[in-house]
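**Student:** for reference, the sequence and a predicted model appear below.
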2 protein chains.
Amino acid sequence: MKSNITQTRLGILGGGQLGRMLIQESINLNLSVSILDPDKNAPCKNICDYFEVGELSDYETVYNFGKNVDLITIEIEKVNVEALEALEKEGVMVFPQSRIIRLIQDKGLQKQFFKENDIPTADFKLIANREELLKENFDFPFIQKLRKDGYDGKGVVKISQITDYDKAFDAPSIVEKNIDFEKEISVIVARNEKGQIKTFPLVEMDFNAEANLVEYLISPSTYSLEIQQRAEKIAIDIATSLNIVGLLAVEMFLTADGNILVNELAPRPHNSGHQTIEGNKTSQFMQHLRAILNLPLGSTEALGNAIMVNLLGEKGHEGPALYKGLKEVLKKEGVYVHLYGKKLTKPFRKMGHVTIVDNDREKAIEKAKFVKETLKVIA
Amino acid sequence: MKSNITQTRLGILGGGQLGRMLIQESINLNLSVSILDPDKNAPCKNICDYFEVGELSDYETVYNFGKNVDLITIEIEKVNVEALEALEKEGVMVFPQSRIIRLIQDKGLQKQFFKENDIPTADFKLIANREELLKENFDFPFIQKLRKDGYDGKGVVKISQITDYDKAFDAPSIVEKNIDFEKEISVIVARNEKGQIKTFPLVEMDFNAEANLVEYLISPSTYSLEIQQRAEKIAIDIATSLNIVGLLAVEMFLTADGNILVNELAPRPHNSGHQTIEGNKTSQFMQHLRAILNLPLGSTEALGNAIMVNLLGEKGHEGPALYKGLKEVLKKEGVYVHLYGKKLTKPFRKMGHVTIVDNDREKAIEKAKFVKETLKVIA
């Protein structure tokens, strides 16, 4: 049978770092890549076949963009779903499917999906606005999350006392008990159209409290096999219930008493999988391409201890980006720098990441600390 | 110290597969890449910041292209050296240096360089034309190589008997004794401006006799440590004598009696280093970038047994390329496909390569055979 996979015209909604790393892999398969992004200087701009500046939330823009490709995928959930539904009806492949993007855009629907499918998650209540929040009189502390448009730690607030109500959102939200978790963990699972499913090994994340962004990620986890298998099973259960085609990142809380609670989903490559580029036999980006092209999924085996450090814009620096300490970190063995091609830096902006691979876990941690102290994005 | 390496405007002469894989790595360092290539559909066309169609052998074209970049490198030796010399004088960085490109463009000068620097190589004689060849009356069999413009097995002829004289070239050539070698081997060495030098492990090559192109390559070699070290020392000696900045691929013959003779040099990423993308801690492409940017060189340690299979256009097929057997080969673990984005295939055209990585050498060989039998480029 002749294969024309390599003649696929792939459209990606969003042209940021995830799209950029997806393109780096798509080059290996000769895919023709088109990008739609509102920013005329998006990281993907100069490395794709066709780049269009346009709003991802605009029906006409997304629809017209999609009419010129065979297959659409996303690198961000906040896109016009109605346009994707129309495209699907007209025979354009949309992976992840529009109904999944619609579900995941709304954290309220996500939580209801978890409940209906017996996926463990923190208890929650949906509220319509600030007034309802005040009326409910929840026990402190609790977490309020916007149902829509939260991103990279935005749209989440912790309410610990009455005076915190000033910070509360006046919009449709989820209210959750504050989970006193021991660790945030993640499993990325891939599923292709044929139904083949593979999970990447469980990873552990450390957050920067100030930025509410992943600061360190370590793979594979050293938690017990039982915990790893339980987390992987949850990810597989969700992917199966959704019948998703593509990658699904499942972010979870591991509580002190050993419970695993699903926090939220991302139906695309994810920050918790960047270390797979050098740390696993198949990268999450190639796995996503394999899944959406209905190719056999690749092995997700870990090649060693991999630590991912997000490279965030330094506090107090805003303007054209400079990378201080690059030579110093490249002196160390097994240090892989990925810059995202963003011209301007600002505090906590994701400007790149560094993966450290070492057979010795302690050495990997030591190097990761060195990288964090040494490599700085300044203006 | 602030680093502005990431603001380097890199110009590459040639936009083929080597440029393409160099760009895949340069994305990680935010480099702005400009490409000059005579083919308007060159593999690099859509993945660089600036693409110019132009002759690499034309002084004005190369000079004007070079005036708009900070650093020039090459992915093919056949470029206008005079333009590079002028650019060097005007402060553009040219790595490898123009004098090295000039030397390597001429296989006669290369051989003289080997002789002058005590680099082991087959005995040779320089001749000016066919007439001189006939007069010399060399013992059969011998090899005649054009001094200039040979490429991918072109420009080399074996003369075994009088009737073969019809095939002889009428141009400045080298005549060499026919080396009855056991194996072609290669060491890729990198040197940065600071003088740091690193070699990739010795690799063994198997040639397709009909196409005179590398068919299989296996890394690391199983030859004795003594042979490996001798070959690496030769590569280091050459890089040091040349004071090259960048990568240097050193192709050698290993003879049945254990001699190593240098065949020829390529001052750039090379087909004998493609397996480093997945098979070594640092890829040859990133190593070349590190070298020409005067960054610390990366570890070249092998990560396992890696076999590289060139994906050549199938005999009897010419036209728009199709890839038969892609799904089948991607079912196997540790199989990495790299397609070169060439729209048209023809017999023996290099259309891509596949790297197989496996801890078990026999399994790697088995998979490589499966890939060779299964994955076909047809029209």
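**Tutor:** Great, that's in hand.

**Student:** ends of stretch A:172-186, how far apart?
**Tutor:** End-to-end distance for stretch A:172-186, by C-alpha to C-alpha, to the nearest Å: 26 Å.

**Student:** equivalent analysis for stretch A:311-325, please.
**Tutor:** Across stretch A:311-325, first to last residue, C-alpha to C-alpha, it's 12 Å.

**Student:** and that stretch with chain B, contact?
**Tutor:** Yes. Shown here: stretch A:311-325 in contact with chain B (C-beta under 8 Å from any C-beta of the partner chain) through A:321-325. From N, CA and C alone the C-beta is placed, and that goes for glycine too.

**Student:** mind checking which of those residues are in strands?
**Tutor:** Counting by DSSP state E, the residues of stretch A:311-325 next to chain B place A:322-324 in strands.

**Student:** all strands for the stretch 151-300 of chain A, in order.
**Tutor:** Taking DSSP state E, counting those that start in this stretch as the test, the strands found in the stretch 151-300 of chain A are A:156-159, A:173-177, A:181-191, A:197-199, A:203-208, A:213-219, A:246-255, A:260-266.

**Student:** list the helices and strands the first one packs on?
**Tutor:** To tie it back to what came earlier, the one meant is strand A:156-159. Applying 3 or more C-beta pairs under 8 Å, 6 or more residues apart in numbering or on different chains; DSSP states H and E, one finds that strand A:156-159 contacts strand A:142-146.

**Student:** what of the fourth one?
**Tutor:** On a contact count with 3+ C-beta pairs under 8 Å, 6+ apart, strand A:197-199 meets strand A:181-191, helix A:225-242.

**Student:** turn the ones in strands among the residues of stretch A:311-325 next to chain B into JSON lines, columns for neighbour count and distance to A:Gln284.
**Tutor:** Shown next, in JSON lines, are those (neighbours: other C-beta atoms under 10 Å in any protein chain shown; distance: C-beta to C-beta, whole Å):
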{"residue": "A:Leu322", "neighbour count": "19", "distance to A:Gln284": "29"}
{"residue": "A:Tyr323", "neighbour count": "25", "distance to A:Gln284": "24"}
{"residue": "A:Lys324", "neighbour count": "16", "distance to A:Gln284": "29"}
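
**Student:** can I get those residues in JSON lines including pLDDT?
**Tutor:** Below are those laid out as JSON lines (pLDDT from 0 to 100):
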{"residue": "A:Leu322", "pLDDT": "95"}
{"residue": "A:Tyr323", "pLDDT": "96"}
{"residue": "A:Lys324", "pLDDT": "96"}
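
**Student:** specify which member of those residues is nearest to B:Ile356.
**Tutor:** A:Tyr323 (35.1 Å; C-beta to C-beta).

**Student:** A:Ala379 versus that closest one, what's the distance?
**Tutor:** 11 Å (C-beta to C-beta, to the nearest Å).

**Student:** check A:Val250 too.
**Tutor:** On the measure of C-beta to C-beta, A:Val250 and A:Ala379 end up 36 Å apart.

**Student:** more neighbours: which of these two?
**Tutor:** A direct count of neighbours by other C-beta atoms under 10 Å in any protein chain shown for A:Val250 and A:Ala379 places A:Val250 higher, at 28 against 14.

**Student:** excluding chain neighbours, what is closest to that one?
**Tutor:** Of all residues beyond its chain neighbours, the one nearest A:Val250 is A:Ala235 (4.3 Å), with distances taken as C-beta to C-beta, 6 or more residues apart in numbering or on different chains.

**Student:** contacts only, for A:Tyr336.
**Tutor:** Contact partners of A:Tyr336, counting by C-beta atoms under 8 Å, 6 or more residues apart in numbering or on different chains, are A:277-278, A:354-357, B:28.

**Student:** buried set for the helix or strand it falls within?
**Tutor:** Using DSSP states H and E, A:Tyr336 sits in strand A:335-339. For strand A:335-339, the buried set under the neighbour-count rule, 16 or more other C-beta atoms under 10 Å in any protein chain shown, comprises A:335-339.

**Student:** in its sheet, what does it sit against?
**Tutor:** strand A:350-358 (antiparallel) (DSSP bridges).

**Student:** right, and the helix or strand after the partner strand?
**Tutor:** helix A:361-374.

**Student:** what packs against the helix or strand just after that following helix?
**Tutor:** For helix A:361-374, the succeeding helix or strand toward the C-terminus, using DSSP H and E, is strand A:376-378. Contacts defined by 3+ C-beta pairs under 8 Å, 6+ apart place strand A:376-378 against strand A:322-324.

**Student:** then whichever helix or strand comes after the strand it packs on to PDB, C-alphas only?
**Tutor:** Moving toward the C-terminus from strand A:322-324, the next helix or strand (DSSP H and E) is helix A:326-330. C-alpha atoms of helix A:326-330 as PDB (Å, rounded to 0.1, in the frame of the first residue of the first chain):
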ATOM      1  CA  LEU A 326      24.600  29.800  28.200                       C
ATOM      2  CA  LYS A 327      28.200  28.800  27.700                       C
ATOM      3  CA  GLU A 328      28.500  27.800  31.400                       C
ATOM      4  CA  VAL A 329      25.600  25.400  31.300                       C
ATOM      5  CA  LEU A 330      26.600  23.900  28.000                       C
END
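
**Student:** what does helix A:326-330 rub up against?
**Tutor:** Residues outside helix A:326-330 that contact it (C-beta under 8 Å, 6+ apart) are A:335, A:337, A:354, A:370-371, A:374-375, B:3, B:5-6, B:290, B:295-296, B:298.

**Student:** from the chain's centre, how far out does that helix sit?
**Tutor:** Relative to its parent chain, helix A:326-330 has a centroid offset of 27 Å by C-alpha atoms, centre = their mean, to the nearest Å.

**Student:** residue contacts, the residue nearest the centre of chain A?
**Tutor:** The residue lying closest to the centre of chain A (C-alpha atoms, centre = their mean) is A:His270, at 2.6 Å. Applying C-beta under 8 Å, 6+ apart to A:His270 gives the contacts A:18, A:186, A:188, A:247, A:249, A:284.

**Student:** which members of these are classed as buried?
**Tutor:** Going by neighbour count (16+ other C-beta under 10 Å), the contacts of A:His270 have A:18, A:186, A:188, A:247, A:249, A:284 buried.

**Student:** pick out whichever of the residues you listed sits closest to chain B.
**Tutor:** Using C-beta to the nearest C-beta, A:Leu18 is the member of the buried ones among the contacts of A:His270 that lies nearest chain B, at 13.3 Å.

**Student:** report the buried residues of stretch A:156-174.
**Tutor:** A:156-157, A:159, A:168-169, A:172-174.

**Student:** can you tell me which of those is nearest B:Phe124?
**Tutor:** For these, the nearest to B:Phe124 is A:Val156 (72.7 Å; C-beta to C-beta).
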